[in-house]
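Engineer: next comes the sequence, and after it the predicted model I'd like to discuss.
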Amino acid sequence: MKYDFPVTLTKNPKQKPESKGLRFGTVMTDHMFIMDYTDEKGWHNGRIEPYAPISLDPAAVVFHYGQEMFEGLKAYETAEGRVQLFRPDMNAKRTNNTNDRLCIPPMDEELFVEAVKAIVRVDKDWIPKGEGTALYIRPFIIATEPFLGVRRATEYKFMIILSPVGPYFVNGLAPTKMYVEDEYVRAVKGGTGEAKCGGNYAASLKAQEIAHEKGYEQILWLDGIHRKYIEEIGAANAFFVIGDEVVTSELNGSILPGITRNSIIALCKHKGYKVSERKISIDELEEAYRAGQLKEMFASGTAAIVSPVGELLYKGEKMVINNNEIGPIAQEMYDTIYGIQTGKIEDFMGWTVPVE
Ligand SMILES: *Cc1c(COP(=O)(O)O)cnc(C)c1O
């Protein structure tokens with residue numbers, strides 16, 4: 001094996017939660033992966049340790065200038081007891097794209113995938129069994145060098161933590177209500193919108209709070225210049241079914257290139273649907289709605305896979321989509337992707353990677 005990470009097992013294993021009623025992101029497993037970086041040694045000392053708080057210098061760059069990135073993927077156990085990941089190579093590639101944007105040193109993509117496999121192997125008994133559950137994997141990198149001043153740090157930690165999760169939304173596949181944000185913006189071209197970094201989320205909280213106060217669960221972001229073209233949703237990409245066309249916004253530099261988004265486009269093509277990555281404006285959406293052509297809307301992301309949208313509010317106008325019910329394409333995409341991930345459907349796209 002090219003990578004061999006020493007393992008220190010916990011002396012105090014925690015009680016595993018019941019699969020039933022599992023929420024998202026509240027419980028962490030017994031172990032974590034840590035690897036260090038210095039300019040002298042590069043990435044080194046990858047290891048697995050008992051899950052525990054870490055100690056950092058208060059001057060660590062991440063606390064002051066936000067040099068941080070993260071990823072998200074899931075591990076599943078099939079009925080035959082095989083543990084598998086979904087397209088982890090895509091997360092490894094995206095890590096390096098994000099790192100490049102944030103001046104974090106690049107990482108060997110094979111190392112990334114091997115580290116994920118190693119920690120999942122140690123905590124595989126934490127993979128929950130219930131319908132809609134999985135083991136969520138959160139790799140992240142923080143700048144740890146103690147230094148006050150703005151420049152790229154010379155020291156980092158790469159860590160992976162795991163969390164057994166249930167459905168991302170408490171109501172599972174029930175449609176959510178979405179607020180079209182026309183004041184605040186998430187990202188602009190030239191910014192960090194296509195990088196997966198914590199800073200993007202910190203900057204989105206204000207708008208999310210306002211939407212929550214108005215009774216909306218999520219935000220549909222518009223472009224930062226015209227407040228006109230649809231970008232994406234809180235932590236997910238946006239899909240629309242207009243007539244017989246499945247549409248998602250083209251990757252324009254300010255949209256996060258979701259792996260679920262990529263998978264849905266590939267599946268739609270495979271099934272012979274008309275699928276477009278293109279500019280789509282909120283006006284086009286309203287027109288389609290009024291003409292009865294806006295058949296479905298759904299969000300796509302690792303956490304929920306697919307989450308139907310039942311209502312949109314834009315400038316006080318309410319649009320109720322597909323009777324506030326999940327549409328056929330959203331349902332088919334969810335069933336197919338979750339089926340492949342859990343081994344219930346044969347992996348005809350070659351997307352799963354076993355954790356030997
Ligand atoms: C992670 C993320 C997505 C979804 O990406 P997946 O790879 O499908 O999980 C979409 N938008 C934002 C802003 C994200 O952070």
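Structural biologist: Ah, there it is. Numbers count the residues shown, from 1 in each chain.

Engineer: how about the residues of the stretch 51-200 of the chain by the ligand?
Structural biologist: 72, 196 (C-beta under 6 Å from any ligand atom). Every C-beta, even on glycine, is put in place using the N, C-alpha and C of the backbone.

Engineer: remind me which residues of the stretch 51-200 of the chain are low pLDDT?
Structural biologist: 170-171 (pLDDT under 70).

Engineer: helices along that one, start to end?
Structural biologist: Taking DSSP state H, counting those that start in this stretch as the criterion, the stretch 51-200 of the chain contains helices spanning 61-65, 88-102, 109-122, 198-202.

Engineer: and F239, which of these is closest to it?
Structural biologist: Closest approach to F239 among the helices of the stretch 51-200 of the chain is made by helix 88-102 (18.0 Å; C-beta to C-beta).

Engineer: list the buried ones in the closest one?
Structural biologist: Within helix 88-102, the residues that count as buried by 16 or more other C-beta atoms under 10 Å are 88, 90-92, 94-96, 98-99, 101-102.

Engineer: in JSON lines: those, plus distance to T78.
Structural biologist: Converted to JSON lines, these look like this (distance: C-beta to C-beta, whole Å):
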{"residue": "P88", "distance to T78": "16"}
{"residue": "M90", "distance to T78": "20"}
{"residue": "N91", "distance to T78": "20"}
{"residue": "A92", "distance to T78": "23"}
{"residue": "R94", "distance to T78": "25"}
{"residue": "T95", "distance to T78": "26"}
{"residue": "N96", "distance to T78": "30"}
{"residue": "T98", "distance to T78": "30"}
{"residue": "N99", "distance to T78": "32"}
{"residue": "R101", "distance to T78": "36"}
{"residue": "L102", "distance to T78": "36"}
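
Engineer: show me what contacts the nearest residue to E77 once chain neighbours are set aside?
Structural biologist: Distance criterion C-beta to C-beta, 6 or more residues apart in numbering; nearest residue to E77, sequence neighbours excluded, is I127 at 4.6 Å. Neighbouring residues of I127 by C-beta atoms under 8 Å, 6 or more residues apart in numbering: 75-77, 83, 134-135, 164.

Engineer: what about 10 Å?
Structural biologist: Counting by C-beta atoms under 10 Å, 6 or more residues apart in numbering, I127 makes contact with 16, 19, 29, 74-77, 83, 120, 133-135, 162, 164, 355.

Engineer: so which of the residues you listed sit within strands?
Structural biologist: Secondary structure defined by DSSP state E assigns 74-77, 83, 134-135, 162, 164 of these to strands.

Engineer: from those residues, which is closest to the ligand?
Structural biologist: Nearest to the ligand among the ones in strands among the contacts of I127, counting by C-beta to the nearest ligand atom, is K74 at 9.2 Å.

Engineer: wait, doesn't the closest one sit right on G166?
Structural biologist: No. Checked against C-beta atoms under 10 Å, the pair K74 and G166 is beyond contact range at 12.0 Å.

Engineer: list residues touching both of these two?
Structural biologist: 133-134.

Engineer: related to what we said a few turns ago, neighbour count and distance to F5 added to the ones in strands among the contacts of I127, as TSV?
Structural biologist: Formatted as TSV, those follow (neighbours: other C-beta atoms under 10 Å; distance: C-beta to C-beta, whole Å):
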residue	neighbour count	distance to F5
K74	22	21
A75	27	17
Y76	22	22
E77	20	22
V83	17	17
A134	26	23
L135	23	18
L162	27	15
P164	27	22
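
Engineer: so which of the residues you listed is the closest to A195?
Structural biologist: Closest approach between these and A195, by C-beta to C-beta: K74, at 21.0 Å.

Engineer: now do the same contact list for the nearest residue to that closest one once chain neighbours are set aside.
Structural biologist: Spatially, and ignoring its direct neighbours in sequence, K74 is nearest to A134 (4.1 Å; C-beta to C-beta, 6+ apart). A134 makes contact with 22, 73-77, 86, 127-128, 163-167, 302-303, 305, 338, 341-342, according to C-beta under 10 Å, 6+ apart.
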